[in-house]
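> Got a predicted structure plus its sequence, pasted below:
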Amino acid sequence: MKVKIRQWNGVASWLWVANDENCGICRMPFNGCCPDCKVPGDDCPLVWGQCSHCFHMHCILKWLNSQQVQQQCPMCRQEWKFKE
Amino acid sequence: MAQQVTPSSQKALMVELKSLQEQPVEGFRITLVEESDLYNWEVAIFGPPNTLYEGGYFKAHIKFPVDYPYSPPTFRFLTKMWHPNIYENGDVCISILHPPVDDPQSGELPSERWNPTQNVRTILLSVISLLNEPNTFSPANVDASVMFRKWRDSKGKEKEYAEIIRKQVLSTAADADRDGVKVPRTLAEYCIQTRMPSQDSSSDLLYDDLYDDMEESEEEESEGESVGGAQGGGRVYEDQDDSGNEDS
């Protein structure tokens, strides 16, 4: 039997590889986006701290920017440093 | 960031309310004060069995700020409470409800205070443990604190503190009657019977609203494994990367 492919559509899928399902700050799924964004993906990335906790970048920045005192990871209260 | 249509606090509160209705915290019942207002919750608390508060039915309101969870809610008892850490007006004084500003006078470290990963569940657990274990180092009600210490240090011989609380507990029976609530008295009842059947239809409605602008990706998932974009149901198991979010 011979099959002739006339047409095909490529479909790609992706997900974030995080150690949890939801962002601990906004409580939204990591594979979705933060509540201020509309489209998941590179425009609403995840970031990790050196403590290995992970958040939507927008969520953790919003929290760190509102803190006059030390900047701590909201999960473990260690000093927050971005993981390279 | 895109422009804000609804405040992000609204989504966070919907998610929390749904979760608390499906898996309630033992001894608590949560409703909205008004159906249309997500920022005002009413809490009914059952006094834990085998404590001074056994048989009690206490009501409180939780009010959320519009920038929740970046700022803490307030927790106020409507039922009169005689407790070292509850103010005359019912406001509860616990460090996790205070924003983390640097205030050396307070005796609270910034690290003991509110942060956005706290939630209603952690607040309820703090409140229920506070009832029977007051913190006498920063009393909101000094008289109650002095009385509590007398009671504790005399190992119950100075009965005044316990008597006031028992009297208040007994007087809450009228509220329970009015609300048609049967207050659990044994541990078994307390642990099981406070679970409400999850109101699936109504809470799903809330949840659907949340995702209605992301729903196109649904048709692609036939094999049970959900991928990509908005779903968030599919979990990736990654062997090397298992540290982190559980160890707080």
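Ah, there it is. Note that the structure is a prediction, hence the values are computed from the model and not measured. Residues are numbered from 1 along each chain as shown, chains lettered A, B, ... in the order given.

> Pop out the phi and psi values for the closest residue to chain B within chain A.
Using CB to the nearest CB, the closest approach of chain A to chain B is made by residue A:29 at 2.5 Å. For glycine as for every other residue, the C-beta is placed from the backbone atoms N, C-alpha and C. For residue A:29, the backbone dihedrals (degrees, to the nearest 10) come out as phi -60, psi 140.

> quick one: it and residue A:22 touch, right?
Yes: between residue A:29 and residue A:22 there is a contact under CB atoms under 8 Å: 5.5 Å.

> out of these two, which sits in the more crowded spot?
Set side by side, residue A:29 and residue A:22 show more neighbours around residue A:29, with 23 against 17, by other CB atoms under 10 Å in any protein chain shown.

> Checking residue B:174 next. Helix, strand or coil?
Following DSSP: H, G, I helix; E, B strand; the rest coil, we place residue B:174 in the helix state.

> Revised request: answer the last question for residue B:122.
Per three-state DSSP, the local secondary structure of residue B:122 is helix.

> ok, it to residue B:72 distance?
11 Å (CB to CB, to the nearest Å).

> Overlap in contacts, these two.
residue B:96 (CB atoms under 8 Å, 6 or more residues apart in numbering or on different chains).

> if we can go back for a sec, tell me how far the residue of chain A closest to chain B lies from residue A:43.
Separation of residue A:29 from residue A:43 (CB to CB): 16 Å.

> ditto for residue B:97
34 Å.

> Could I get the full set of strands for chain B?
For chain B, applying DSSP state E gives strands covering B:28-32, B:40-46, B:57-63, B:74-77.

> same check, this time on chain A
A:46-48, A:54-56.

> Just name the most buried of those.
The highest mean neighbour count among the strands of chain A, using mean count of other CB atoms under 10 Å in any protein chain shown, belongs to strand A:54-56: a mean of 27.

> isn't residue A:28 right up against residue A:35?
Yes: under the criterion of CB under 8 Å, residue A:28 makes contact with residue A:35 at 6.1 Å.

> Now list whatever residues contact both of the two.
Here residue A:28 and residue A:35 share the contacting residues B:11, B:12, scored by CB under 8 Å, 6+ apart.

> before we move on, the earlier item: and residue B:122 and residue B:72? Which one has more around it.
Legend: neighbour count by other CB under 10 Å for residue B:122 and residue B:72, higher for residue B:72 (21 against 12).

> Compare residue B:97 and residue A:43 (neighbour count), which wins?
More neighbours surround residue B:97 than the other of residue B:97 and residue A:43, with 19 against 13 (other CB under 10 Å).

> so what's residue A:59 up against?
Residues near residue A:59 by CB under 8 Å, 6+ apart: A:23, A:25, A:26, A:34, B:116.

> what's the most distant pair in these?
Within the contacts of residue A:59, A:34 and B:116 form the most distant pair, 11.9 Å apart (CB to CB).

> Pull up the gap between residue B:190 and chain A, please.
28 Å (CB to the nearest CB, to the nearest Å).

> Residue 62 - nearest residue in space that isn't next to it in sequence?
By default, I'm working from chain A. Once flanking residues are discounted, residue A:62 sits nearest to residue B:70: 6.5 Å by CB to CB, 6 or more residues apart in numbering or on different chains.

> wait, chain B
Nearest non-adjacent residue to residue B:62 (CB to CB, 6+ apart): residue B:41, at 4.4 Å.

> can stretch B:7-14 be found next to chain A?
Yes: residues of stretch B:7-14 contacting chain A under CB under 8 Å from any CB of the partner chain: B:8, B:11, B:12.
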